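Undergrad: I'll drop the sequence and a predicted model, then ask my questions.
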Amino acid sequence: MFLTLNLLKGISGKQWIGKYRRPRQITWQMKRNMLKNLEREAENEYWISRPYMTKEQEYSHAAERRARNWLKIKETKFANFPEHKHITDHLSHLRITKTWSS
């Protein structure tokens, strides 16, 4: 059935998409680009496999810098913080008319 369909009718519908699509021709540019990508991947794997620091050096190597950054962030947050207000400041208007005689 499939052989007669291909011989008589060809590829039905859109020829580049679908289950029965036309196979794409592989060009020399495609091969070249694939080789370049594979070489780039191999180089990346090479550099990733060799660490810059040992495990002992890497352990908590940025603790001081992170602590400094955290203090800086905390200081900037507290700089925008409003001043403390006491409850007497909020409720002082309630005692304006209060006297001993009333």
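TA: Thanks, I have it. Residues are numbered from 1 along each chain as shown.
Undergrad: Counting neighbours, what do you get for His90?
TA: Here the count is done by other Cβ atoms under 10 Å, and His90 has 9 residues near it. In this view, the C-beta of every residue, glycine as well, is placed from N, C-alpha and C.
Undergrad: repeat for Leu38
TA: 10.
Undergrad: That one: what's it in contact with?
TA: Contacts for Leu38 (Cβ atoms under 8 Å, 6 or more residues apart in numbering) come out as none.
Undergrad: if you average pLDDT over the helix or strand harbouring Leu38, what comes out?
TA: Using DSSP states H and E, the element containing Leu38 is helix 28-49. Regarding helix 28-49, the rounded mean pLDDT is 97.
Undergrad: centre of the chain versus it, how much separation?
TA: Relative to its chain's centre, helix 28-49 lies at 25 Å (Cα atoms, centre = their mean, to the nearest Å).
Undergrad: if I look at Glu83, how far off is Asp89?
TA: 10 Å (Cβ to Cβ, to the nearest Å).
Undergrad: Can you list the residue ranges for helices in the protein?
TA: Counting by DSSP state H, the segments of the chain that form helices are 2-4, 28-49, 55-58, 63-79, 87-91.
Undergrad: picking that back up, neighbour count: Glu83 and Asp89, which is higher?
TA: Asp89 (9 against 4).
Undergrad: Surely Arg22 touches Gln15?
TA: Yes - in terms of Cβ atoms under 8 Å, Arg22 counts as a neighbour of Gln15; the distance is 4.3 Å.
Undergrad: Would you mark the buried spots in the helix holding Leu38?
TA: Within helix 28-49, no residue is scored as buried using 16 or more other Cβ atoms under 10 Å.
Undergrad: Format the CA atom coordinates belonging to that helix as CSV.
TA: The C-alpha coordinates for helix 28-49 follow below in CSV (Å, rounded to 0.1, in the frame of the first residue of the first chain):
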residue,chain,number,x,y,z
TRP,A,28,28.0,20.1,3.4
GLN,A,29,27.1,23.2,5.4
MET,A,30,25.0,21.1,7.8
LYS,A,31,27.9,18.7,8.2
ARG,A,32,30.3,21.5,8.8
ASN,A,33,28.1,23.2,11.4
MET,A,34,27.5,19.8,13.2
LEU,A,35,31.3,19.3,13.4
LYS,A,36,31.8,22.8,14.7
ASN,A,37,29.1,22.2,17.4
LEU,A,38,30.6,18.8,18.4
GLU,A,39,34.1,20.4,18.6
ARG,A,40,32.8,23.2,20.8
GLU,A,41,31.0,20.7,23.0
ALA,A,42,34.2,18.6,23.4
GLU,A,43,36.2,21.7,24.4
ASN,A,44,33.6,22.7,26.9
GLU,A,45,33.6,19.2,28.4
TYR,A,46,37.4,19.4,28.6
TRP,A,47,37.4,22.7,30.6
ILE,A,48,34.5,21.6,32.8
SER,A,49,36.2,18.4,33.7
